[in-house]
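Novice: whatever this is, show me its structure:
(one chain, ligands or ions: 2)
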Amino acid sequence: MADKRDYYEILGVARTATHAQISDAYRKAAIKNHPDKNPGDQAAIRRFKDAAEAFEVLNDAEKRSRYDKFGHAGLGGQSGGGGRHFSDIEDIFEAFGDFFGGGSFGEMFGGGGGGGRGGGRRRPRKGDDLRVDVAIDLIEAARGCKKTIRFERSRKCGDCEGSGAKPGSIAQPCSYCGGRGQVVQQAGILRVQTTCPACRGAGSVVKDPCKSCKGGGYVAEQVAREVAIPGGVDTGMRIRVPGEGQPSPSGGPSGDCYCFLTVREHPLFQREGAHLICRVPIGYTQACLGAEIEVPTLDGRREVKIPAGTQPGDILTLRGCGMPDPHGGRRVGDLHVQLDLEVPKTLAPKQEKLLRELAEVEHTNVSPHRKNFLERLRDYLMPGDDAEQEKAS
Ligand SMILES: [Zn+2]
Ligand SMILES: [Zn+2]
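Specialist: Numbers count the residues shown, from 1 in each chain. Ligands and ions are numbered 1, 2, ... in the order given. Below is the predicted model of the structure:
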């Protein structure tokens, strides 16, 4: 066929296009021209079919190379060359089902209209899911809690029972599709069943709309539900409340409601996954002599011993005092108590007197650690001066 269009041109890619570019171009063309999105548009169906044919050839290394060398004639076969002739949209889905992720092609468009493939096999669509944001504090997150969530969703209008027609009147069957909600379009050998563009698949049209729902068949409803949040949850997790989403437009199950959790920061505990970190200030004498200090835990205060000679930043780990596992409830996390050395900014006269005495003692009794440091400092400041230093000291 002399009038056959160039496959590269159909997909809008260069002759040097990579496999990925070709796939990408085909995906875009298929989505743009999909029959569900273009009901009754014969030109779109034509483009949809052409793109599939072009892709079938260019996606196959061997066919592509023959096409590159000999054009349409190189592909031989039926009707004077050309790739596979898709006589039905269904064939295209069959051939490239995997390419579209295996699922229903209709799902790529958010399920609009329930999909138009297959002869009258309409699966009722699940209602849309809803999102509710829930903020809880860390203690609630640790122990688990019950929260009442409030949200708005659609409900079938009670006045017209969802028909959208004013009470007393009835919705008329759609004249475009004869009440079936689907229309079959014929383009030569190609038969495509799509959602009726006139009634959007409802099968009926409302002439005299219901006042309560303005003809939509649905009204907004305020819902409050109690949700059990398990202990151990963290920011970013979701709790599914099944069946509490939007109702299905086609008699299927309702969608779900998802609670998106945020766990607020706590003034004392910092969270690291299942572990908690708490910074506790200690005094110089406590660090030197050791002490019994009180630390906060999720279950209240707890006395812990710190050993003599505790260093600033040392960490005491209280096993199993962190967060529980949200799936099992067992305390899997630890509480890490980080000891911060606190230096007083002001001193009482007695404190100052004692510290000065202590300073004198320290001056004469330089600690081994400090002595070691002073030696290294001297080497650093006066390299090669060791001999003289030795004499001088
Ligand atoms: Zn109504
Ligand atoms: Zn219709």
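
Novice: quickly list the domain ranges of this protein.
Specialist: 7-110, 130-171+206-263, 269-342, 351-392 (automatic domain parsing).

Novice: of these, which approaches ligand 1 most closely?
Specialist: Comparing the domains of the chain by their distance to ligand 1 (Cβ to the ion), the top pick is domain 130-171+206-263, with 3.0 Å. Every C-beta, even on glycine, is put in place using the N, C-alpha and C of the backbone.

Novice: show me which residues of the chain sit near ligand 1.
Specialist: With Cβ under 5 Å from the ion as the criterion, the chain meets ligand 1 at residues 157, 159-160, 210, 212-213.

Novice: do that again at 8 Å, thanks
Specialist: 157-167, 209-219 (Cβ under 8 Å from the ion).

Novice: I'd like to know which of those are buried.
Specialist: Neighbour-count burial (16 or more other Cβ atoms under 10 Å) is assigned, among these, to 157, 160, 162-166, 209-210, 212-213, 215, 217-219.

Novice: greatest separation within those residues: which pair is it?
Specialist: The two members of these with the most space between them (Cβ to Cβ) are 166 and 218, at 15.3 Å.

Novice: what helix or strand is residue 49 located in?
Specialist: Taking DSSP states H and E as the criterion, residue 49 maps to helix 42-58.

Novice: mean confidence for that helix?
Specialist: Helix 42-58 carries an average pLDDT of 87.

Novice: counting contacts, what elements does it pack onto?
Specialist: helix 7-11, helix 19-32, helix 61-70, helix 89-96, strand 182-187, strand 190-195 (3 or more Cβ pairs under 8 Å, 6 or more residues apart in numbering; DSSP states H and E).

Novice: between the third one and helix 42-58, how big is the angle?
Specialist: Okay, so that is helix 61-70. 100 degrees (axes from the mean of the first three to the mean of the last three Cα atoms, to 10 degrees).

Novice: skipping its backbone neighbours, what lies nearest residue 181 in space?
Specialist: Leaving aside its chain neighbours, residue 181 sits nearest to residue 203 (3.9 Å; criterion: Cβ to Cβ, 6 or more residues apart in numbering).

Novice: wait, that neighbour sits on residue 177?
Specialist: Yes - the pair residue 203 / residue 177 is scored as a contact, 6.7 Å apart, by Cβ atoms under 8 Å.

Novice: interface residues of this structure facing ligand 2?
Specialist: So the chain meets ligand 2 at 174-181, 183, 196-205 (Cβ under 8 Å from the ion).

Novice: now the residue in the stretch 1-150 of the chain that ligand 1 sits nearest to, what's its secondary structure?
Specialist: Using Cβ to the ion, the closest approach of the stretch 1-150 of the chain to ligand 1 is made by residue 127 at 17.8 Å. Taking DSSP: H, G, I helix; E, B strand; the rest coil as the rule, one finds residue 127 in the coil state.

Novice: wait, it touches residue 244, no?
Specialist: No - the pair residue 127 / residue 244 is not scored as a contact, 9.9 Å apart, by Cβ under 8 Å.

Novice: and for these two, which residues touch both?
Specialist: Contact criterion Cβ atoms under 8 Å, 6 or more residues apart in numbering; residues shared by residue 127 and residue 244: residue 254.

Novice: contacting residues for residue 33?
Specialist: Taking Cβ under 8 Å, 6+ apart, one finds 44-45, 47-48, 51 in contact with residue 33.

Novice: please pick the buried ones from these.
Specialist: Buried, going by 16+ other Cβ under 10 Å: 44-45, 47-48, 51, out of the contacts of residue 33.

Novice: redo the residues you listed as a markdown table? Include distance to residue 226.
Specialist: Shown next, in a markdown table, are the buried ones among the contacts of residue 33 (distance: Cβ to Cβ, whole Å):
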| residue | distance to residue 226 |
| --- | --- |
| 44 | 49 |
| 45 | 51 |
| 47 | 52 |
| 48 | 49 |
| 51 | 51 |
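
Novice: I am finished for the moment; much appreciated.
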